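> Fold the stuff below for me.
(one chain, ligands or ions: 1)
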Amino acid sequence: MKYIAPRSLGLSLTRARFSTLCATLPGGLTPSGRGTQTSWLSGKLKLDINTPSPTFSSLTTHSFSSLQHRYYCQMCRHATTGGSSTMYVSTFCRNETNTGSKNASQNRSKRHRDSNCSPKRANSYRGNCMLFFLWPFLVFPQWTLAGNSTQLILSVPSDRQVLPTNVKPTKYDVTMEPNFSTFKFDGSIKIDLDVKEDTHTVTVNSLEIEIHSAKIAGQDAASTTFDEDKQSATFTFAEELKAGTTAQLELTFTGVLNDKMAGFYRSTYQENGETKYLATTQMEPTDCRRAFPCFDEPALKAVFDITLISDEKLTCLSNMDVKSEKKLAGGKKAVSFNSTPLMSTYLVAFVIGELNYIETDAYRVPIRVYTTPGLEEQGRFSLDLAAKTLAFFDKTFGIDYPLPKMDMIAIHDFSAGAMENWGLVTYRVVDLLLDPKTSSLSTQQRVAEVVQHELAHQWFGNLVTMDWWEGLWLNEGFATWMSWYSCNQFYPDWKVWEQYVTDSLQSALSLDALRASHPIEVPVKRADEINQIFDAISYAKGSSLLKMISRWLGEEVFIKGVANYLKKHKYSNTQTGDLWKALSEASGKDVVKVMDVWTKKIGYPVVSVTEKDNELTVKQNRYLTTGDVKPEEDETIYPVFLGLRTAAGIDESVVLDSREKTLTLDDASFFKINGDQAGVYRTNYTPERWVKLGEAGRQGLLSVEDRAGLVADAGALCVSGYSSTTNLLSLVSGWKQEQSFVVWDEIITRITSLRAAFLFEDVETRDALKALTRALISEKAHVLGWEFKETDGFLEQQLKALVFAAAVGAKDEELVAVAQDLFQKYVAGDKSAVHPNIRASVFSTVAATGGAEEYDQIYHIYHNAISVDEKITALRTLGRFEQPELIQKTLNILLDSSIVKAQDVYIPMQGLRSHSAGIEALWTWMQANWDEIYKLLPPGLSMLGSVVQICTSGFSSEEKKEEIRAYFATKSTKGFDQGLTQSLDSIQSKANWIKRDSASIKEWLTTNGYKK
Ligand SMILES: [Zn+2]
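Numbers count the residues shown, from 1 in each chain. As a prediction, the model looks like this:
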């Protein structure tokens, strides 16, 4: 799935595009879980082992009626489980319990790689948890609490909410018929099961589905019970199902064709003033259970035979190609699709609607882009790219794309960016369709990235799938990395790896610098927790670590390892360790040792460099944006690739794998740590070295990635107080001659962050910061101009658009007048007057300086846009008007889905969040409309967290932080607790920043002539 990046959520103002916002799990997440739902398992149990310890081979079985437990091996988290009435006892894999060894913990991970600890599906916990705490002592009475010999620390297992393992599905035969007048659907399903244990019950996941009948071999279920919390239904049969046999469960049911963008749902669009409907699906992560009762876990792969019943005029699509089509009475038809390969429920897809398509035969199998009528030609860019990309991945992975077709479809209501359903990829309209003539370059780049991301998943994710949601990061991190990798192949002039440093890497570093971050491999248990890990940690930190490892191993070796991994595990499920194993084999390097720390521990380090003659001392400590790391939070030693750049080039061999190290250079007059910014950490230097690095940047001794990375590090370190803000200001004010778009992007982002933090401060300082921005970029903006020629390169155009936007944003009077003039020509009918690359900044300028008349003009553009790109820009601009009555007008349409689709609700909010009056108004509005917002965006959707963040994170004072905290103290924050915590962290960090550096910043602005 492609999430909507914080950057596109408009949270960019504080990352320095984000610096202190963003998502995740509160409070030093422990393996035993977080929040109230799992409090029964919090904490660790220290056990003292004196005598031979438990292994799987000496597994002891105890009976506890009606109890089911699952245990995790402590090293690899493989789960083992008890049966329906049996409780197995062991928390370690075989090979795991090397009692007596002083180095047991060090040896564990090594042994684990080769251990044959085979995961079984985990069971959900039922019954009294105290029994769980007691069992080790019942079974191994020699174990005592505390002691003096080797201690193994048992984290008490987490409670994944999963189905019983008494049966296993092998094949689904599903028939679905949506009704566009009642917004319900009827369904019937036959599920072939392998019976694993003697049993009378079958439990499936089912949510908001009314089940009419349940049968096995013609025999009706004696009873059906529902568990709302576990989102499951259990059927009990009088006759026992015998282990080793097969059975077929037959169900009929009715569900809701909902408007929640989850499960089987309806999407709406307008055609000639008429509202039309389309039925579509979004199953990931756990909404297949809203479409049909199923075993909704990624490891339970099965074959799917899907039949759709619809009006004969409509188009029916699913993962596979059509097997047969049958006419039915009443002008209907039944379309049956060929059997899928073995796949997970979250990848099932079907769509019914009025659709047109364009097709290419440039690839081995047909590729089509489907849209509602009239939009199909806008899919040309993605269609052609898909053909190239699939061919490239066939070759790169050495495995041919296994399905007989690839359909990509634009959906008008879509909660994520796109979804990689096997053979039928669904997209948000803006992430698939574009008209190159009317779309900005950044839109083209985003579309290219999303398409390649989804297609990479066809192998990594669909063919080989994580065995549980803890592996999500690998799925998403890899697709993210791969999309940049293939973008670099197809569009070398975009220099995407340079942009990576200011994009994904900074998103990762920003979010992971919060105390409320989480380790990349995070235990998730319940359906409503899973949505919250579709965040920058999974996507951006995941891909940044893969980038780091690919540089260490070499890209070719990395790809070879990945290809071996895909070949070995195709059509099955894996855990993270399986990839490390394949990479270790391909490279001969100990990948596990390096990656274990990076993926299992929260955060990352700041490397501080001190100098004495030619000796450098480098020291690592945990980095937090709030700058207040406690000793107990600073215990991890990360393997840090120092990438030492000197005049001789980059030395990739130096690794800081201890707290501190001293390096001796032949000549320390020039050096930089983290050459090409390939590592996932920040570097802090002495004030003198910052000055020298600024000079080195001017002399051309540093790469684009190095220069952008230095600005980013200086910017982040001053927010957290590791370095003074004046170091950042001095560094960037010396780089007015900088030529690179990427470096400028980072400079402007960091200055914008500073301005955002000071948004509620005195007007003189705010004006001085604008003056500083003008001093940096106005000259460049005037020289480059605002006309875009065919002959301009990609990065040249991007730079032009960027500095124009920054100049008008800082109130460069001449350019503001230009923007107003261009806009008037545009509304007078000259649609080519405003080039798409500067459309957003022209519209924003008009909003910031205009009134009711301009508001109406933008509103008109929104309703009559020439492209999706323009429509979204106009919608965002509505929020940028600063007059109270216009702010109110925008707020009034937010919850009116006839004007703003629920999927787009955050877009005008982004506009509002860009100015102080809008930030205040959003917060007041959110409190007044909370119940309605909550209804529109249920917590299962990740959008609620984003909306809460946008509505709260713009503030920068402790008083506001307290006010927000107090407001939510009495509410359930399930589903958005991460977003809220990160917002509060963000506000606190800005408050600290202002308190700490306000005086020195003002003094610097005065000394340098920006402040009177
Ligand atoms: Zn994805």
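
> and Thr252, which of the three is it?
Following DSSP: H, G, I helix; E, B strand; the rest coil, we place Thr252 in the strand state.

> If I follow the layout properly, it ends up in contact with Phe185?
No: using Cβ atoms under 8 Å as the test, Thr252 is too far from Phe185 to be in contact (11.9 Å). No exception for glycine: its C-beta is placed from N, CA and C like everyone else's.

> Show me which of those two is the more surrounded one.
Phe185 (26 against 15; other Cβ atoms under 10 Å).

> so that one sits in a helix?
No: Phe185: not assigned to a helix; according to three-state DSSP it is strand.

> Could you pull out the buried residues of the lengthiest helix in the chain?
The longest helix of the chain (DSSP state H) is helix 977-1007. With burial defined by 16 or more other Cβ atoms under 10 Å, the residues of helix 977-1007 counted as buried are 977-994, 996-998, 1001-1002, 1004-1005.

> ok, and which of these reach the ion?
Among the buried residues of helix 977-1007, not one lies near the ion by Cβ under 5 Å from the ion.

> end to end, how far does stretch 389-409 reach?
17 Å (Cα to Cα, to the nearest Å).

> same question but for stretch 358-365, I mixed them up
14 Å.

> from here on, count from 35
Let's use 35 as the start, then, which means that last one is stretch 392-399.

> element containing Val766?
helix 759-767 (DSSP states H and E).

> shaky segments in the stretch 135-284 of the chain?
Applying pLDDT under 70 to the stretch 135-284 of the chain flags the ranges 135-193.

> hmm, try it at 80
135-194 (pLDDT under 80).

> Spell out the residue ranges of the strands in it.
178-179, 185-189, 201-213, 218-229, 233-239, 243-250, 253-254, 257-261, 266-275, 280-290 (DSSP state E, counting those that start in this stretch).

> For the ion, which of these is the nearest?
strand 233-239 (22.1 Å; Cβ to the ion).

> Secondary structure class of the residue nearest to Trp820 when sequence neighbours are not counted, three-state.
Leaving aside its sequence neighbours, Trp820 sits nearest to Phe838 (Cβ to Cβ, 6 or more residues apart in numbering; 5.3 Å). Put simply, Phe838 is helix when judged by three-state DSSP.

> For Phe838, give me its contacts.
Listed by Cβ atoms under 8 Å, 6 or more residues apart in numbering, the contact set of Phe838 reads Ala815, Leu818, Trp820, Leu849, Ile872, Ser875.

> hmm, try it at 10 Å
With contact set as Cβ atoms under 10 Å, 6 or more residues apart in numbering, Phe838 has these partners: 811, 814-816, 818-820, 846, 849, 852-853, 869, 871-872, 875-876, 879.

> Mind checking which of those are in helices?
Per DSSP H, these map to helices at Ile811, Lys814, Ala815, His816, Leu818, Leu849, Val852, Ala853, Ser875, Val876, Thr879.

> Need those in TSV (columns: distance to Ile443, pLDDT and neighbour count).
Formatted as TSV, those follow (distance: Cβ to Cβ, whole Å; pLDDT from 0 to 100; neighbours: other Cβ atoms under 10 Å):
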residue	distance to Ile443	pLDDT	neighbour count
Ile811	41	93	26
Lys814	42	93	20
Ala815	40	94	25
His816	45	95	16
Leu818	39	93	19
Leu849	41	96	25
Val852	40	96	21
Ala853	37	96	26
Ser875	32	95	22
Val876	32	96	25
Thr879	36	96	28
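
> Please report how far the spatially most central residue of the chain lies from Gly979.
Nearest residue to the geometric centre of the chain (Cα atoms, centre = their mean): Asp569, 3.2 Å. As judged by Cβ to Cβ, to the nearest Å, Asp569 and Gly979 stand 9 Å apart.

> What of Val208?
32 Å.

> For these two, indicate the residue with more neighbours.
Gly979 (27 against 23).

> before we move on, what SS does the residue in the stretch 635-784 of the chain that the ion sits nearest to have?
Nearest residue of the stretch 635-784 of the chain to the ion (Cβ to the ion) works out as Val714 at 19.9 Å. Three-state call for Val714 (three-state DSSP): coil.

> tally of neighbours for it?
22.

> quick one: low-confidence ranges for this protein?
35-194, 559-563, 565-569, 972-976.

> near the ion, which residues of it?
Met35, Glu510, Ala513.

> Now restrict those to buried residues only.
Judged by 16+ other Cβ under 10 Å, buried ones among the residues of the chain next to the ion: Met35, Glu510, Ala513.

> and the second one, what is it in contact with?
So the one you mean is Glu510. Contacts of Glu510 by Cβ under 10 Å, 6+ apart are 35-37, 487, 491, 494-495, 500, 567-569, 571-574, 576-577.

> Show me this structure divided up by domain.
The chain breaks down by the TED database into domains covering 196-387, 389-492, 506-634, 932-1045.

> picking that back up, quick one: residues contacting the residue of the stretch 635-784 of the chain closest to the ion.
539, 542-543, 546, 574-575, 578-579, 581-582, 632, 638-639, 672, 674-675, 708.

> Please narrow these to those residing in helices.
Counting by DSSP H, the part of those found in helices is Leu539, Ala542, Leu543, Ser578, Leu579, Lys581, Met582, Trp632.

> Dump the domains of the chain into a markdown table; add distance to Gln831 as well.
As requested, the domains of the chain are exported to a markdown table (distance: least, Cβ to Cβ, whole Å):
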| stretch | distance to Gln831 |
| --- | --- |
| domain 196-387 | 32 |
| domain 389-492 | 6 |
| domain 506-634 | 11 |
| domain 932-1045 | 23 |
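
> Tally up the residues packed near the residue nearest to Asp330 when sequence neighbours are not counted, please.
Among residues not flanking Asp330 along the chain, Asn239 sits closest, at 3.9 Å (Cβ to Cβ, 6+ apart). Per other Cβ under 10 Å, the neighbour tally for Asn239 reads 27.

> you'd agree Asn239 is up against Thr379?
Yes: between Asn239 and Thr379 there is a contact under Cβ atoms under 10 Å: 8.3 Å.
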